[in-house]
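Trainee: Fold the following for me, if possible:
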Amino acid sequence: MNQEANKSNESDHLSFYRAHGISPVRQDISNLRAHFTRRETLYRQLGILPGFISGKRVLEVGPGSGFNALYTASLEPESLLLVEPNPTGAADIRRLIGDYPELEDRVETLELDLFDFQSEGGFDFVFCEGLLAGTPEPEKVLGRLAGLVAKGGVLVVTSEDYISKLAETLRRLFADMVSDATAPLDDQVNCLLPVFSSHLATLSGMSRNHEDWIIDNLINPASIGRLLSLPDTISVLSDEFDFFASSPHIVTDWRWYKSVFSEEKKDYNARTTEQYWSLAHNFIDYRITAPGRSREANRTLYHLCKGIRDTTRLYEQQRDPSRIDEARNLLSKLVEHVRAAPRDFTAELTGALEEARSFVLQDTIDGAAIANSRYFSSWFGRGQQYISFSNRL
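Mentor: Numbering: from 1, shown residues only. Modelled structure (predicted):
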């Protein structure tokens, strides 16, 4: 790997990937049927059945090394165009697709930046996963993606917010405290693997390579950058697109369909945003499915989580020990918030947050204690949400 770039001079995923000559998105597809089943389940949650893709024009932007595109190609679209600006990723895609000659005729790969890509006519489906978070101008990227969707077509993107990413944010803080950010990338990975592999092993559905997860979430400087939440995404698209579905599902609609006839009553975007703020506390822990609560309480939770993330980013950039004090104080407030709402949160989450606070109370952080933590090791949020939107006719 090219060892010249480090956290101090990178600001987006592509710069980091290019500097190190990597595409850290490898997945275990040794059981291809299991991989396809996972993708089929995701598409179903997004309202996309396999037959809907058949015969359609499909675009995927930022497909990484192409593992997810394999499933889309198997659904027999008229065409599947993959736009990947990372040279390593584009080369990986071509090698991967080459292993499945029955799919090659349907797939074309362009090593091209999204804003350099031109197309005649729109696409029936546009997919873009894991790209918006950490992009310096995610709204601009989202607007460009929207412009590539045909009228009546479907756009699928991912969102992340400060609540859903809190567990990863704290791991990022601890990684910054444990490892040397100026060390070669391989050395940083080797330092962090023993600390966090035991955490990743608790996720039964984890199909991603542990080294790649660590690089992308705990070392990649873009991963501590800007986030675009589900409501943010809706706000950007609301003039032309309607919320369709999401994974996980958060929207219920008990209205009689015949009563939904005016544009005002059909406002799927506003209803989704309203339900998001009622249910946002469920994003903090993937093991929690609690009833709705006040939007004010969830906004308080959101701002506490945002404060921890902002403090983590500043600590990473400045290495100022006072930032650790700020993180400790915010964690104390968060523990109090969670403790005060036992109906909404679990004892396991409270334990995880208390352990996290104990780690930052130590003068020297103990990587082994983090690795073997009782509660923190198995705590993950619902980090990334998938959202499908329909382009109004």
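Trainee: any idea of the mean pLDDT in the biggest helix by length in the chain?
Mentor: As assigned by DSSP state H, the longest helix anywhere in the chain is helix 295-318. For helix 295-318, mean pLDDT rounds to 97.
Trainee: Please identify the buried residues of that helix?
Mentor: By neighbour count on 16 or more other Cβ atoms under 10 Å, the buried set for helix 295-318 is 295, 297-298, 301-302, 304-316. C-beta here means a position set from N, CA and C on the backbone, and glycine is covered the same way.
Trainee: Kindly report the same for stretch 315-331.
Mentor: Across stretch 315-331, burial judged by 16+ other Cβ under 10 Å covers 315, 316, 323, 324, 326, 327, 328, 330, 331.
Trainee: Of those, which belong to strands?
Mentor: Residues of the buried residues of stretch 315-331 located in strands (DSSP state E): none.
Trainee: so which of those would you say is closest to residue 83?
Mentor: residue 316 (30.5 Å; Cβ to Cβ).
Trainee: What residues does that closest one make contact with?
Mentor: The contact partners of residue 316, by Cβ atoms under 8 Å, 6 or more residues apart in numbering, come to 7, 172, 176, 181, 221, 224.
Trainee: State the phi and psi torsions of the fourth one.
Mentor: Backbone torsions of residue 181, given as degrees, to the nearest 10, read phi -70, psi -20.
Trainee: Number of residues surrounding it?
Mentor: Neighbourhood size, residue 181 [other Cβ atoms under 10 Å]: 14.
Trainee: Is it in contact with residue 191, as I believe?
Mentor: No - the criterion here is Cβ atoms under 8 Å, and residue 181 misses it with residue 191 at 10.6 Å.
Trainee: Correct me if wrong: residue 94 contacts residue 110.
Mentor: No - taking contacts as Cβ under 8 Å, residue 94 lies outside contact range of residue 110: 11.1 Å.
Trainee: what residues are shared contacts of those two?
Mentor: Between them, residue 94 and residue 110 share no contacting residue under Cβ under 8 Å, 6+ apart.
Trainee: In this protein, which residue is most central in space?
Mentor: The residue lying closest to the centre of the chain (Cα atoms, centre = their mean) is residue 384, at 3.3 Å.
Trainee: Look up how far residue 318 lies from it.
Mentor: Residue 384 is 28 Å from residue 318, where distance means Cβ to Cβ, to the nearest Å.
Trainee: what do you get for residue 379?
Mentor: From residue 379 over to residue 318 the distance is 27 Å, taken as Cβ to Cβ.
Trainee: Quick check: buried residues in stretch 21-35?
Mentor: By neighbour count with 16+ other Cβ under 10 Å, stretch 21-35 contains the buried residues 22, 23, 24, 25, 26, 27, 29, 35.
Trainee: Check stretch 384-393 too.
Mentor: Neighbour-count burial for stretch 384-393 flags 384, 385, 386, 387, 388, 389, 390, 391 (criterion: 16+ other Cβ under 10 Å).
Trainee: Residue 229: which of those residues is nearest?
Mentor: Nearest to residue 229 out of the buried residues of stretch 384-393 is residue 385 (Cβ to Cβ; 8.6 Å).
Trainee: any chance you could map the strands in the stretch 101-250 of the chain?
Mentor: 107-110, 123-128, 149-159, 241-247 (DSSP state E, counting those that start in this stretch).
Trainee: Would you format these as JSON lines with mean neighbour count included?
Mentor: Shown next, in JSON lines, are these (neighbours: other Cβ atoms under 10 Å):
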{"stretch": "strand 107-110", "mean neighbour count": "18"}
{"stretch": "strand 123-128", "mean neighbour count": "23"}
{"stretch": "strand 149-159", "mean neighbour count": "20"}
{"stretch": "strand 241-247", "mean neighbour count": "21"}
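Trainee: Now do the end-to-end distance for stretch 214-232.
Mentor: This stretch, stretch 214-232, spans 27 Å end to end (Cα to Cα, to the nearest Å).
Trainee: average pLDDT across that stretch?
Mentor: When pLDDT is averaged over stretch 214-232, the result is 95.
Trainee: Tell me who's in contact with residue 62.
Mentor: For residue 62, the contact set (Cβ under 8 Å, 6+ apart) comprises 83, 84, 85, 114, 128, 129, 130, 131.
Trainee: Go through the residues you listed and name the one nearest residue 236.
Mentor: Among the contacts of residue 62, residue 128 lies closest to residue 236 (Cβ to Cβ), at 13.0 Å.
Trainee: Quickly note the distance from that closest one to residue 55.
Mentor: For residue 128, the distance to residue 55 equals 22 Å [Cβ to Cβ].
Trainee: Same question for residue 251.
Mentor: Counting by Cβ to Cβ, the separation of residue 251 from residue 55 is 29 Å.
Trainee: Show me which of these two is the more surrounded one.
Mentor: Legend: neighbour count by other Cβ under 10 Å for residue 251 and residue 55, higher for residue 251 (16 against 12).
Trainee: For the more buried one, which three-state class applies?
Mentor: Taken by DSSP: H, G, I helix; E, B strand; the rest coil, the conformation at residue 251 corresponds to coil.
Trainee: That one against residue 272, yeah?
Mentor: Yes - with contact defined as Cβ under 8 Å, residue 251 reaches residue 272; the gap is 5.3 Å.
Trainee: Give the intersection of the neighbour lists for these two.
Mentor: Common neighbours of residue 251 and residue 272 (Cβ under 8 Å, 6+ apart) are residue 243.
Trainee: Stretch 175-193 - what's its average pLDDT?
Mentor: The average pLDDT for stretch 175-193 rounds to 96.
Trainee: Would you map the helices across the stretch 1-150 of the chain?
Mentor: Assigned by DSSP state H, counting those that start in this stretch, the stretch 1-150 of the chain shows helices spanning 13-20, 32-45, 50-53, 67-74, 87-98, 101-104, 138-146.
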